[in-house]
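[1] here are the coordinates; sequence isn't available:
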């Protein structure tokens, strides 16, 4: 503590008074919520007893007033939960800021606290709190609702408060809160990702608080805090944007384990968890023709396990080039469509010329399948006053007299037989390969193409509910996937975060995520994060060598723990000794293998000796970081105190697998041991 005894006494007194005020407000809110709950019970009884006597207008007014009371009650309950959460640690920082309105002590916490309409604690997302993150001592400013407020930052003070007592407090006049940041970085990791409100850096804060740009693309190196920034950005947007709620925010995660890992951050920040999905699960909404879709992880596993691969074909399916090939194929397919006969039966006669007029001219601006629906609706309106059963019958007749198949599976299979496809791919595809598309499960690489083709033939529907979309590990999505997301999530703004150096998709790679600007061409900003807060300088130095990087800078202080390289000899004994040694100083340890087969081998080898060892697989949903073994492609976004990288002697990482090796090595914070990969 670098405070004088007098200053320290003042801070302790202020904390004691704040705790008293906070707990009094908690008690008052609890009583208020209880009284309102009793009031609601009485209201329900009143409505039940009086519903026969009240006219509809009176009932509507009463119910409307009650709905408003319930909304207010829910807001109070949410605030109560926030106050309850911070009652033993109400704030983490203080700034002394002088403006035209005078010199004020501004205490900053996870949520606000007021007394007589004056702030005792400011929410970390409030405008004035940005001064803490963005400025050193000296001239400073922040953007308030009424405009730019300029002033002078006299001091920044940081606190560690536990059990309503100050454990540490110090003044920091530097922009980077070095002392506390290094202390946090030195700590061993807990089970789940934690919030970083007390150590948000200036470059991270700029992303979190950005509301000027409709879309953000963030390129951040391993350990730069991309995921934390994304989650804190969500919390900020929920605070800042009126009527934005958690159910209007969608996060795309690489797998279920990652979703579990980050599940604690938003609740810690006092917000509800948002909607989450993987890209495969998202596509399932738009694919009814197949029972299931292969996950991205399984798709990657196939490559690294060399299972039945035609790498050239899959690479072409993942390429940007295939987008135009599909466009051309569907354009040609649609142009061939025509009705070859009249509709003629006992109560309806429509000449084929009229049908083709509708098909080729009147409804030519909409997708083919929609044209048929519109033609059926038009004829039904003219002849049967839009009778629904008649409309369905006409649609069936139209499909019988059109000259092309309208089965989506058949259309997709015929794509690979078409001259359009062969012209660009310049290879024949065996019929046995095409016939796989009749299976009940569709591959990851086909699923995206299938949905895109479907979107050109019929209206998939637009999701207008989602207003903010967060895409993590963005480098593993190809351009077509972004085109589809933008097409479906019509109302949404996008925050896209990734690292081209952590690409694990062996078929597709960006030179820079800035390439995505071509998809998000309206109000898009590209930002880079080039500092890593995760790994020690020794680990970063080794990771840099893997990819020949020089721009990555480590913020964590030297641990003087060198990266260890080992050759497999007596593997079980070696690993048990390593784990025993690592457990003395580390809370979380991972054994990361190249493939799931190797992970299962390690698990079988060690689990009888290590009761707490957990095997993480492609279909795993729960998460534990204490002691795990997992394949490299499941480690995306995760971090551990210590990591053991293992591959079999005859399965070392090759040059083509260097990005996967880089991902594996950059999961570790403090200690890295590498087997069979000198």
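    Great, that's in hand. Because the structure is a prediction, the values reported are computed rather than measured.
[2] in the stretch 201-350 of the chain, which spans are helices?
    Using DSSP state H, counting those that start in this stretch, the helices found in the stretch 201-350 of the chain span residues 202-208, 226-240, 256-261, 265-268, 279-284, 296-304, 311-318, 321-336.
[3] looking at the ones you listed, which one has the lowest mean pLDDT?
    Between the helices of the stretch 201-350 of the chain, the one with the least mean pLDDT is helix 256-261; it has a mean of 84.
[4] can you list contacts of it?
    The contact list for helix 256-261 (C-beta atoms under 8 Å, 6 or more residues apart in numbering) reads 192-193, 251, 253, 276, 278, 472, 616, 619-623, 625, 630, 634, 636-638. Where C-beta positions appear, they are placed from N, C-alpha and C, glycine not excepted.
[5] try 10 Å
    Contacts with helix 256-261, where a contact means C-beta atoms under 10 Å, 6 or more residues apart in numbering, come from 191-193, 227, 251-253, 255, 273, 276-278, 281, 295, 297, 472-473, 616-625, 628, 630, 634-639.
[6] about what we covered before: with distance to residue 569 and mean neighbour count as new columns, can the helices of the stretch 201-350 of the chain be given to me in CSV?
    Output for the helices of the stretch 201-350 of the chain, formatted as CSV (distance: least, C-beta to C-beta, whole Å; neighbours: other C-beta atoms under 10 Å):
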stretch, distance to residue 569, mean neighbour count
helix 202-208, 44, 20
helix 226-240, 37, 22
helix 256-261, 31, 21
helix 265-268, 42, 18
helix 279-284, 40, 19
helix 296-304, 25, 21
helix 311-318, 35, 17
helix 321-336, 48, 16
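[7] which of the contacts of helix 256-261 are buried?
    The neighbour count (16 or more other C-beta atoms under 10 Å) marks 192-193, 227, 251-253, 255, 273, 276, 278, 295, 297, 472-473, 616-618, 620, 623-625, 628, 630, 634-639 as buried among these.
[8] start to end distance for stretch 287-306?
    Start and end residues of stretch 287-306 are separated by 27 Å (C-alpha to C-alpha, to the nearest Å).
[9] what do you get for stretch 448-465?
    22 Å.
[10] for stretch 302-311, same thing?
    End residues of stretch 302-311 are separated by 10 Å (C-alpha to C-alpha).
[11] Check stretch 565-577 too.
    Using C-alpha to C-alpha, the distance between the terminal residues of stretch 565-577 is 15 Å.
[12] neighbouring contacts of that stretch?
    542, 578, 591, 601-602, 605-606, 609-610, 629, 644-649, 672-678.
[13] Please list only the buried members of these.
    Judged by 16+ other C-beta under 10 Å, buried ones among these: 542, 578, 591, 601-602, 605-606, 610, 629, 644-648, 672-677.
[14] Give me the subset of the residues you listed that lies in strands.
    Using DSSP state E, the subset of these located in strands is 591, 629, 644, 645, 646, 672, 673, 674, 675.
[15] which residues does the nearest residue to the second one once chain neighbours are set aside contact?
    It stands for residue 629. Using C-beta to C-beta, 6 or more residues apart in numbering and skipping residues adjacent in sequence, the residue nearest residue 629 is residue 591, 4.2 Å away. Residues near residue 591 by C-beta under 10 Å, 6+ apart: 575, 578-579, 598-599, 602-603, 606, 613, 615, 627-630, 640, 642-646, 673, 675.
[16] Quick check: what element follows the top strand by length along the chain along the chain?
    For the chain, the longest strand by residue count, based on DSSP E, is strand 147-162. Remark: after strand 147-162, the chain's next helix or strand is strand 165-171, criterion DSSP states H and E.
[17] Now tell me what touches that next one from outside.
    Contacts of strand 165-171 with the rest of the structure, by C-beta under 10 Å, 6+ apart, involve 1-3, 7-8, 11-12, 14-16, 19, 88-89, 94, 96, 137, 155-162, 177, 179-180, 183.
[18] Counting neighbours, which bits of it end up buried?
    Judged by neighbour count using 16+ other C-beta under 10 Å, the buried positions of strand 165-171 are 166, 169, 171.
[19] okay, the first one: pLDDT?
    Think residue 166. With respect to pLDDT, residue 166 scores 94.
[20] Show me what it is bridged to.
    residue 161 (DSSP bridges).
[21] Quickly note the distance from it to residue 458.
    Per C-beta to C-beta, to the nearest Å, residue 166 is found 63 Å from residue 458.
[22] now the helices for the stretch 501-650 of the chain?
    537-547, 571-583, 596-606.
[23] Which strands or helices does the first one pack on?
    Yep, that's helix 537-547 we're talking about. strand 531-532, strand 553-554, helix 658-665, strand 668-675 (3 or more C-beta pairs under 10 Å, 6 or more residues apart in numbering; DSSP states H and E).
[24] in it, what's buried?
    537, 538, 539, 540, 542, 543, 544, 546.
[25] What's the separation between residue 197 and residue 476?
    Distance from residue 197 to residue 476, counting by C-beta to C-beta: 29 Å.
[26] Please disregard the earlier target; I meant residue 9.
    Taken as C-beta to C-beta, the span from residue 9 to residue 476 is 54 Å.
[27] likewise residue 669?
    In terms of C-beta to C-beta, residue 669 sits 23 Å off from residue 476.
[28] More neighbours: which of the two?
    Shown here are residue 669 and residue 476; by other C-beta atoms under 10 Å, residue 669 has more neighbours (26 against 23).
[29] hang on, the more buried one packs against residue 223?
    Yes: the criterion here is C-beta atoms under 10 Å, and residue 669 meets it with residue 223 at 8.3 Å.
[30] show me where the stretch 401-550 of the chain has strands.
    441-442, 468-471, 493-498, 524-529, 531-532 (DSSP state E, counting those that start in this stretch).
[31] Mean pLDDT for those - can I get that in CSV?
    Formatted as CSV, those follow (pLDDT from 0 to 100):
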stretch, mean pLDDT
strand 441-442, 96
strand 468-471, 97
strand 493-498, 97
strand 524-529, 94
strand 531-532, 87
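[32] Make TSV from these and add mean neighbour count to it.
    Output for the strands of the stretch 401-550 of the chain, formatted as TSV (neighbours: other C-beta atoms under 10 Å):
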stretch	mean neighbour count
strand 441-442	19
strand 468-471	23
strand 493-498	24
strand 524-529	18
strand 531-532	20
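[33] Quick check: buried residues in stretch 396-415?
    Buried, per 16+ other C-beta under 10 Å, within stretch 396-415: 397, 398, 401, 402, 408, 411, 412, 413, 414, 415.
[34] Span of it from start to end?
    For stretch 396-415, the first-to-last residue distance is 24 Å (C-alpha to C-alpha).
[35] and what of stretch 646-655?
    First residue to last in stretch 646-655 (C-alpha to C-alpha) measures 17 Å.
[36] ditto for stretch 563-570
    Where stretch 563-570 starts and where it finishes are 20 Å apart, if you go by C-alpha to C-alpha.
[37] Work out the gap between it and the centre of the chain.
    Relative to its chain's centre, stretch 563-570 lies at 36 Å (C-alpha atoms, centre = their mean, to the nearest Å).
[38] list the buried ones in it?
    Quick answer for stretch 563-570 (16+ other C-beta under 10 Å): 563, 566.
[39] average pLDDT for that stretch?
    94.
[40] what's the answer for stretch 419-430, then?
    92.
[41] how much space between residue 242 and residue 248?
    Per C-beta to C-beta, residue 242 is found 12 Å from residue 248.
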